[in-house]
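Enquirer: any chance you can model this:
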Amino acid sequence: MTLTFEQHAPHSGFEVVDDCLQIGGRPLISLAAEIGRTPFYAYDRALLTQRVQLLRRTLPADTHLHYAIKANPMPEIVRHLGALTDGLDVASAGELRIALESGVAARSISFAGPGKGIGELREAVLAGVILNLESETEMRRLAALGGELGKRPLAAIRVNPDFELKTSGMKMSGGPKQFGVDAERVPEMLAEFATLPLNFVGFHIFSGSQNLRADAICEAQRKSVALAIELARHAPGPIQLLNIGGGFGVPYFPGETPLDLAPIAANLHALGAQLRVHLPQAELVLELGRYLTAEAGIYVCRVVDRKVSRGHVFLVTDGGLHQHLAASGNFGQVIRKNYPVLVGNHVRGSQREVVSVVGPLCTPLDLLADRMEMAHAEIGDLIVVLQSGAYGLTASPLRFLGHPEPAEVVV
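Expert: Have a look, this model is predicted:
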């Protein structure tokens, strides 16, 4: 038996047996008992593997997959995906340490993000990872640091193109942006790069994230490759690495449908043929985060009170926005929409009702489900927020109001 939800896209990853959600082949009730406390995040190792396998089967064999660990930096997740993918992308020294401890080779780790500190650059240079340069200042700073350390750092240029990934959840290119170097300035930057003690490896062009439209992703990929071919004319050496970002989205809200990979695969086949002619040494990299982890994770909290206020039922739980900011609607949503939420130990339920699920915080923003239809729940029942494997725990204000942190497990 698989899950379906009114209005939400079907999520077939987790089975239901005897009306109880299963994760990692185990009933949620027994997993909660073993952990011994709620709330907690749980990630299904098999679903993580299956998502990478789906991409390997569908996309061209010469497309390299990198995991952007900001989506979920839990060390066990990083180790697992590091072994299945072709590289890791990090955005801080803390993430860099997790990546290095995962066993992935330093040459397969890239470090992006504006405002890297001197200490972060130093760690990256000593480790031998690739630095994605976000400005001319950072380029000069890196060159000076390399000279001080007696190293010749590996560096790529992150490009801010004049286009964006249309319909993306977060637009990261086009117009003025804090990310990367404006495309029109890159040729002059490359000329200076050639005079510095740096090893040039390629370009990073990341135009947006969380997109469910294959046509928009394909258009951005085509423009990214065309831009890279043009900029390569000014490069001080061959393009070895071309990271065109990701943007692959997952359905969170009512009315959304899963991303169709088929047209993206066909587009990448065509782009691969272009690259073999124009940039024959370039590895084409897709940098994916939430697409690999979001649907493999759940957030679980327990009903501690059931109250009726002027005819409306509130399920009060021991979890909330301090542990899952995104599900509360306070992480990028303009108009709040419900994540898929259910009663984990009564998924279908013989009785159904419309309720709101709230947390223990003294703010009306602490809302995990707003007037949502689900199975009847009582005190002690387990509330599950699906699509919680990315931007959950580490994207939340965990210290707000001083509640304990949730547990995390991989099963």
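Enquirer: where do the strands sit along the stretch 201-350 of the chain?
Expert: 208-209, 241-243, 283-288, 297-309, 312-317, 341-343 (DSSP state E, counting those that start in this stretch).
Enquirer: quick one, which of the ones you listed is nearest to residue 72?
Expert: strand 297-309 (7.2 Å; C-beta to C-beta). All C-beta atoms are positioned from the backbone trio N, CA, C, and that covers glycine.
Enquirer: given the closest one, what are its sheet partners and their directions?
Expert: strand 40-43 (antiparallel), strand 312-317 (antiparallel), strand 382-385 (antiparallel) (DSSP bridges).
Enquirer: for residue 128, find the nearest of the strands of the stretch 201-350 of the chain.
Expert: Taking C-beta to C-beta, strand 241-243 is the member of the strands of the stretch 201-350 of the chain nearest to residue 128, at 14.4 Å.
Enquirer: still on that earlier bit, could you say which of the strands paired with strand 297-309 is packed most deeply?
Expert: Of all the strands paired with strand 297-309, strand 382-385 has the most neighbours on average by mean count of other C-beta atoms under 10 Å, namely a mean of 25.
Enquirer: list the contacts of whichever helix or strand comes after it.
Expert: Counting by DSSP states H and E, the element after strand 382-385 in chain order, helix or strand, is strand 407-410. Applying C-beta atoms under 8 Å, 6 or more residues apart in numbering, the set of residues contacting strand 407-410 from outside is 24, 31, 35, 37, 39-45, 74, 76-77, 80, 393.
Enquirer: over to stretch 287-295?
Expert: Stretch 287-295 is contacted by residues 11, 13, 43, 47-48, 51-52, 55, 65-72, 77, 81, 85, 89, 206, 209-210, 243, 245-246, 248-250, 259, 386-391 when judged by C-beta under 8 Å, 6+ apart.
Enquirer: cutoff 7 Å now
Expert: 11, 13, 47-48, 51-52, 65-68, 70-72, 77, 81, 89, 206, 210, 243, 245-246, 248, 250, 387, 389-391 (C-beta atoms under 7 Å, 6 or more residues apart in numbering).
Enquirer: looking at those, which are in helices?
Expert: Secondary structure from DSSP state H places 47-48, 51-52, 77, 81 of those in helices.
Enquirer: between those residues, which sits nearest residue 325?
Expert: Using C-beta to C-beta as the measure, the one of the ones in helices among the contacts of stretch 287-295 that approaches residue 325 most closely is residue 77, at 18.8 Å.
Enquirer: wouldn't that closest one be in contact with residue 43 here?
Expert: Yes - counting by C-beta atoms under 7 Å, residue 77 touches residue 43, with 6.2 Å between them.
Enquirer: show me the contacts for the residue nearest to residue 39 when sequence neighbours are not counted.
Expert: Nearest non-adjacent residue to residue 39, counting by C-beta to C-beta, 6 or more residues apart in numbering: residue 319, 3.6 Å away. When contacts are counted by C-beta under 7 Å, 6+ apart, residue 319 touches 38-39, 299, 301, 359, 406.
Enquirer: okay, these in TSV with neighbour count, pLDDT and distance to residue 146 next?
Expert: Below are the contacts of residue 319 laid out as TSV (neighbours: other C-beta atoms under 10 Å; pLDDT from 0 to 100; distance: C-beta to C-beta, whole Å):
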residue	neighbour count	pLDDT	distance to residue 146
38	19	98	49
39	27	98	45
299	28	98	43
301	26	98	48
359	24	97	48
406	23	97	41
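Enquirer: just to revisit the earlier point, against residue 345, how distant is the residue nearest to residue 39?
Expert: As judged by C-beta to C-beta, to the nearest Å, residue 319 and residue 345 stand 15 Å apart.
Enquirer: and if you look at residue 326?
Expert: 24 Å.
Enquirer: ok, residue 188 next?
Expert: The gap separating residue 188 from residue 345 is 62 Å, by C-beta to C-beta.
Enquirer: compare those two (neighbour count), which wins?
Expert: Neighbour totals were compared for residue 188 and residue 345, and residue 345 leads with 21 against 12 (other C-beta atoms under 10 Å).
Enquirer: now do the more buried one against residue 56, distance only.
Expert: Residue 345 is 35 Å from residue 56, where distance means C-beta to C-beta.
Enquirer: ditto for residue 370
Expert: Per C-beta to C-beta, residue 370 is found 39 Å from residue 56.
Enquirer: and of the strands of the stretch 201-350 of the chain, who's closest to residue 159?
Expert: strand 241-243 (10.1 Å).
Enquirer: got phi/psi on the nearest residue to residue 253 once chain neighbours are set aside?
Expert: With C-beta to C-beta, 6+ apart as the criterion, residue 253 has its nearest non-adjacent residue at 4.2 Å, and that residue is residue 337. Note on residue 337: its backbone torsions stand at phi -130, psi 150 [degrees, to the nearest 10].
Enquirer: so residue 337 touches residue 251, yeah?
Expert: No - applying C-beta under 7 Å as the test, residue 337 and residue 251 come out as separate, 11.3 Å apart.
Enquirer: pick out the shakiest of the strands of the stretch 201-350 of the chain, pLDDT-wise.
Expert: When the strands of the stretch 201-350 of the chain are ranked by mean pLDDT, strand 208-209 comes last with a mean of 77.
Enquirer: strands paired with that one, and their directions?
Expert: Sheet pairing of strand 208-209 (DSSP bridges) gives strand 170-171 (antiparallel).
Enquirer: what's the pLDDT at residue 11?
Expert: 67.
Enquirer: make residue 1 into 13 and carry on from there
Expert: Sure, I'll start counting at 13 from here, so that last one is residue 23.
Enquirer: did I read that right, residue 91 in a helix?
Expert: Yes - using DSSP: H, G, I helix; E, B strand; the rest coil, the assignment for residue 91 is a helix.
Enquirer: any idea how far the residue nearest to it when sequence neighbours are not counted is from residue 260?
Expert: Distances taken as C-beta to C-beta, 6+ apart place residue 114 nearest to residue 91, at 4.6 Å, with adjacent residues excluded. Residue 114 sits 22 Å away from residue 260, going by C-beta to C-beta.
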